[in-house]
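K.L.:
Give me the fold of what follows.
(one chain, ligands or ions: 2)
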Amino acid sequence: MSASAPIKVGVLGAEGKVGRAICEAVSAAADLELVAEVDRGDDLETFVSTGTEVVVDFTHPDVVMDNLRFLVEHGIHAVVGTTGFDDERLARVRSWLDAHPAVGVLIAPNFAIGAVLSMRFAAAAARFFDSVEVIELHHPNKADAPSGTAYRTAELVAAARAEAGCAPSPDATSTELDGARGADVDGVRVHSVRLAGLVAHQEVLLGTQGETLTIRHDSIDRSSFAPGVLLGVREIADRPGLTVGLDPFLDL
Ligand SMILES: NC(=O)C1=CN([C@@H]2O[C@H](COP(=O)(O)OP(=O)(O)OC[C@H]3O[C@@H](n4cnc5c(N)ncnc54)[C@H](OP(=O)(O)O)[C@@H]3O)[C@@H](O)[C@H]2O)C=CC1
Ligand SMILES: O=C(O)C1=N[C@H](C(=O)O)C[C@H](O)C1
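P.N.:
Ligands and ions are numbered 1, 2, ... in the order given. The predicted structure follows:
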């Protein structure tokens, strides 16, 4: 029996920090073929002329929507790591997909398996504690704050606490320097650290009477994102429509 043909993969943001790691991982996988490496200034039509089946996007929140629209309209599946997706953006992607129902798009704020699990753990723990705050720590070249992962974590924690009928986290602060208490995401405080030497890290701090729990994840190398991305690339054609988060691909 002959093996099936490798999936033709393109990478958008191929010269970026994560894009380079993804190109390396795709090139090393026998069942995938890297057919297009596209970065700023290159033509998206390259994906069409090379017969690309799945594009991986690690670019910038300012450009990812235009990229995605092009891909969906050309019937190309997309695995997207670029951050900056809010409900309005997701609704727009869904509306493009309505017109192209065979196309699959996976948008995940974090492709590292440990990060995906840590978000789940935080959501599961949230209702048992009086207080929850999120601290994300990243390299200083990161474009956005808070991180997409921290934003999503706070949303999941807030939703779990609302469903369980938890009171807001106690906070008697009455005077503060602007920013000292971080950003408020659905009532959950999110703090962003930018520090040379770091890659991508997050702590969810939970506290209640006499005890605290810290859920910490560290990406110490950008290769941490590759297994999740490759899983998405291999499965996206069988999952038409929009999937947000890697969880369903991991049967979580
Ligand atoms: N979901 C996840 O698991 C992860 C998500 N990310 C996210 O991925 C994104 C990229 O991160 P990172 O690799 O660190 O960033 P980088 O800045 O290192 O890489 C982005 C690359 O995209 C290029 N680019 C910019 N605009 C375009 C365009 N219109 N078309 C094609 N390429 C373009 C950039 O070029 P130039 O330098 O000239 O601007 C750069 O080479 C961020 O949003 C980040 O938050 C990061 C890690 C993991
Ligand atoms: O820019 C990064 O580096 C990362 N971005 C993603 C995010 O914003 O959550 C994922 C990871 O934290 C690395």
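
K.L.:
hey, let's count contacts and neighbours off CA atoms from now on
P.N.:
Will do.

K.L.:
how about the helix or strand containing Glu24, does it get close to ligand 1?
P.N.:
Assigned by DSSP states H and E, Glu24 belongs to helix 17-28. Yes: with C-alpha under 6 Å from any ligand atom as the criterion, ligand 1 is reached by helix 17-28 at 17-19.

K.L.:
cool, stretch 109-118 as well?
P.N.:
Yes: using C-alpha under 6 Å from any ligand atom, stretch 109-118 reaches ligand 1 at 109-112.

K.L.:
in the stretch 51-200 of the chain, which spans are strands?
P.N.:
54-57, 77-80, 104-107, 131-138, 183-185, 188-194, 200-208 (DSSP state E, counting those that start in this stretch).

K.L.:
what does the helix holding Glu24 rub up against?
P.N.:
9, 11-14, 32-34, 37, 57-59, 222-223, 225-226, 229-230 (C-alpha atoms under 8 Å, 6 or more residues apart in numbering).

K.L.:
Same question for stretch 43-55.
P.N.:
7-12, 35-36, 38, 67, 70-71, 74, 76-79, 233, 236.

K.L.:
Which positions within it qualify as buried?
P.N.:
For stretch 43-55, burial by neighbour count (16 or more other C-alpha atoms under 10 Å) applies to 44, 47, 52-55.

K.L.:
swap in stretch 59-72?
P.N.:
Buried-residue list, stretch 59-72, by 16+ other C-alpha under 10 Å: 59-60, 64-65, 68, 71-72.

K.L.:
Over to stretch 117-128?
P.N.:
117-120, 122-123, 125-127.

K.L.:
who does the closest residue to ligand 2 within the stretch 151-252 of the chain bridge with?
P.N.:
Distance from ligand 2 to each residue of the stretch 151-252 of the chain (C-alpha to the nearest ligand atom) is smallest for Ala200, at 4.8 Å. On the basis of DSSP bridges, Ala200 is bridged to His138, Ser219.

K.L.:
Pretty sure it sits against Ser224.
P.N.:
No: with contact defined as C-alpha atoms under 8 Å, Ala200 and Ser224 do not form a contacting pair (10.1 Å).

K.L.:
For Arg251, list the residues it contacts.
P.N.:
For residue 251 the amino acid is Asp, not Arg. Per C-alpha under 8 Å, 6+ apart, neighbours of Asp251: none.

K.L.:
any idea how far it is from Val48?
P.N.:
32 Å (C-alpha to C-alpha, to the nearest Å).

K.L.:
Then Asp218?
P.N.:
Applying C-alpha to C-alpha, one obtains 37 Å for the distance of Asp218 from Val48.

K.L.:
Return the residues in contact with the residue of the stretch 151-252 of the chain closest to ligand 2.
P.N.:
Ala200 neighbours (C-alpha under 8 Å, 6+ apart): 136-139, 218-220.

K.L.:
Next, count neighbours for Asp238.
P.N.:
Using other C-alpha atoms under 10 Å, Asp238 has 10 neighbouring residues.

K.L.:
For it, which non-adjacent residue is spatially closest?
P.N.:
Gly104 (7.6 Å; C-alpha to C-alpha, 6 or more residues apart in numbering).

K.L.:
That neighbour bridge partners, please.
P.N.:
With DSSP bridges as the rule, Gly104 is bridged to Gly241.

K.L.:
I'd like to know which of the contacts of stretch 43-55 are buried.
P.N.:
7-12, 35-36, 38, 71, 76-79, 233, 236.

K.L.:
Specify which member of these is nearest to Ala162.
P.N.:
When those are compared for distance to Ala162 (C-alpha to C-alpha), Val79 comes out closest, at 30.7 Å.

K.L.:
If I look at that closest one, what pLDDT would I see?
P.N.:
For Val79, the model assigns a pLDDT of 99.

K.L.:
how close does it sit to ligand 1?
P.N.:
Val79 sits 9 Å away from ligand 1, taking C-alpha to the nearest ligand atom, to the nearest Å as the criterion.

K.L.:
hang on, isn't that residue packed against Arg234?
P.N.:
No: Val79 lies out of contact with Arg234 (C-alpha under 8 Å); the separation is 10.0 Å.
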